[in-house]
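Asks: next come a sequence and a model predicted from it.
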Amino acid sequence: MAIGQFIWRLVRNLAVLYLGFVALIYFLQRRLQYFPDPASVAIPSDPKYRGIETVKLTTSDGLHLFAWYWAGQQPLTLVIFHGNAGHRGYRLEWMADLHSLGYGVFVLDYRGYGGSEGSPSEEGLYLDGVTALEWLDRNGVQKLVYLGESLGCGVAVEMAVRHPPVALILQSAFSSAVHVARKAYPYLPAGLLMKDRYNSKPKMTKIFCPVLSIHGGRDSIIPPALGRALFEAAKEPKLWYLIPDANHNDLPWVGGKAYLDEIQGFLEHYALNR
């Protein structure tokens, strides 16, 4: 066999393998993007969690969802749109720390998470977010601060466009899920493949409330530059808070009291009197 034929066949076979791999990634992409724990979540019996209420929601497309609501002493309620893994039970200690500041806290489990029906998708999570906000409105919980965590920042930003809050907190945020995928999988054409893009950066021009962006300096999943790009697109007033030694999922624990103080200061200055 001539060397030219050998090289051609090698290139052709590699191309076929690559295209097959890309096709597989395309069809399985939501399994790579979302990591829900579908198990039902009970409220722990520990007295320190007394006051948490399990909320049952029904979306406009007929799915039953679960959430926790913990009323606070202050007139603000933090609405947490959590990240792509686990369920609300994984955020219980975080929820308790935020509640200790005196604010109400509401944590939604999207479709497929924490006993909620269905499977996650971008449009599905937006429907879930709207359902949560409608429940809060019907129950007289009016003064809301959206707190997005990682993937949940995409939901929080979309909700801030549709139903403006008094303030927006973005933790481990990103400009677009496509940009995150390009960093993680540089050998894939993420821009062509991705269904759920959470293209948040252009939406920031439509948000007029104060914004606090929190990021870990050692974030190995969403580089600080992607969070900073979203922050730069936000309107004033806005604050950037970097926790130098924090990674992606440990910001509240690495930041400790300073982390809570930053949130408290932001809310007292920009949200309580709005």
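Replies: Thanks, I have the structure now.
Asks: just the strands from the stretch 51-200 of the chain, written as ranges.
Replies: For the stretch 51-200 of the chain, the strands defined by DSSP state E, counting those that start in this stretch cover 52-58, 64-70, 77-81, 85-86, 104-109, 144-149, 167-171.
Asks: dump those to JSON lines, plus mean neighbour count.
Replies: C-betas here are computed from N, CA, C, even on glycine. Shown next, in JSON lines, are those (neighbours: other C-beta atoms under 10 Å):
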{"stretch": "strand 52-58", "mean neighbour count": "15"}
{"stretch": "strand 64-70", "mean neighbour count": "21"}
{"stretch": "strand 77-81", "mean neighbour count": "25"}
{"stretch": "strand 85-86", "mean neighbour count": "16"}
{"stretch": "strand 104-109", "mean neighbour count": "27"}
{"stretch": "strand 144-149", "mean neighbour count": "27"}
{"stretch": "strand 167-171", "mean neighbour count": "28"}
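Asks: export those to a markdown table and tack on mean pLDDT?
Replies: As requested, the strands of the stretch 51-200 of the chain are arranged in a markdown table below (pLDDT from 0 to 100):
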| stretch | mean pLDDT |
| --- | --- |
| strand 52-58 | 98 |
| strand 64-70 | 98 |
| strand 77-81 | 98 |
| strand 85-86 | 96 |
| strand 104-109 | 98 |
| strand 144-149 | 98 |
| strand 167-171 | 98 |
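Asks: dump the ones you listed into JSON lines; add distance to N13 as well.
Replies: Conversion of the strands of the stretch 51-200 of the chain to JSON lines gives the following (distance: least, C-beta to C-beta, whole Å):
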{"stretch": "strand 52-58", "distance to N13": "51"}
{"stretch": "strand 64-70", "distance to N13": "47"}
{"stretch": "strand 77-81", "distance to N13": "45"}
{"stretch": "strand 85-86", "distance to N13": "37"}
{"stretch": "strand 104-109", "distance to N13": "45"}
{"stretch": "strand 144-149", "distance to N13": "43"}
{"stretch": "strand 167-171", "distance to N13": "45"}
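Asks: quick one, which of those strands is nearest to A23?
Replies: Closest approach to A23 among the strands of the stretch 51-200 of the chain is made by strand 85-86 (25.7 Å; C-beta to C-beta).
Asks: contact partners of that closest one?
Replies: The contact list for strand 85-86 (C-beta atoms under 8 Å, 6 or more residues apart in numbering) reads F35, P36, D37, Y113.
Asks: switch the cut-off to 6 Å
Replies: With C-beta atoms under 6 Å, 6 or more residues apart in numbering as the test, strand 85-86 has contacts from F35, D37.
Asks: give me the distance from the host helix or strand of K257 to the chain's centre.
Replies: Element membership for K257 (DSSP states H and E) is helix 251-270. Helix 251-270 sits 18 Å away from the centroid of its parent chain (C-alpha atoms, centre = their mean, to the nearest Å).
Asks: so what secondary structure elements neighbour it?
Replies: strand 238-243 (3 or more C-beta pairs under 6 Å, 6 or more residues apart in numbering; DSSP states H and E).
Asks: how about a cut-off of 8 Å?
Replies: Counting contacts by 3 or more C-beta pairs under 8 Å, 6 or more residues apart in numbering; DSSP states H and E, helix 251-270 is packed against helix 92-99, strand 167-171, strand 211-216, strand 238-243.
Asks: from those, which stretch is densest packed?
Replies: Among the helices and strands packed on helix 251-270, strand 167-171 has the highest mean neighbour count (mean count of other C-beta atoms under 10 Å), at a mean of 28.
Asks: that one pairs with which strands, and in what direction?
Replies: strand 144-149 (parallel), strand 211-216 (parallel) (DSSP bridges).
Asks: for Q29, which of those strands is the nearest?
Replies: Closest approach to Q29 among those is made by strand 144-149 (21.1 Å; C-beta to C-beta).
Asks: now the angle from that closest one to strand 77-81?
Replies: Calculated by axes from the mean of the first three to the mean of the last three C-alpha atoms, to 10 degrees, strand 144-149 forms an angle of 30 degrees with strand 77-81.
Asks: tabulate the strands paired with strand 167-171 in a markdown table, adding columns for distance to A67.
Replies: A markdown table is the format used below for those (distance: least, C-beta to C-beta, whole Å):
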| stretch | distance to A67 |
| --- | --- |
| strand 144-149 | 14 |
| strand 211-216 | 23 |
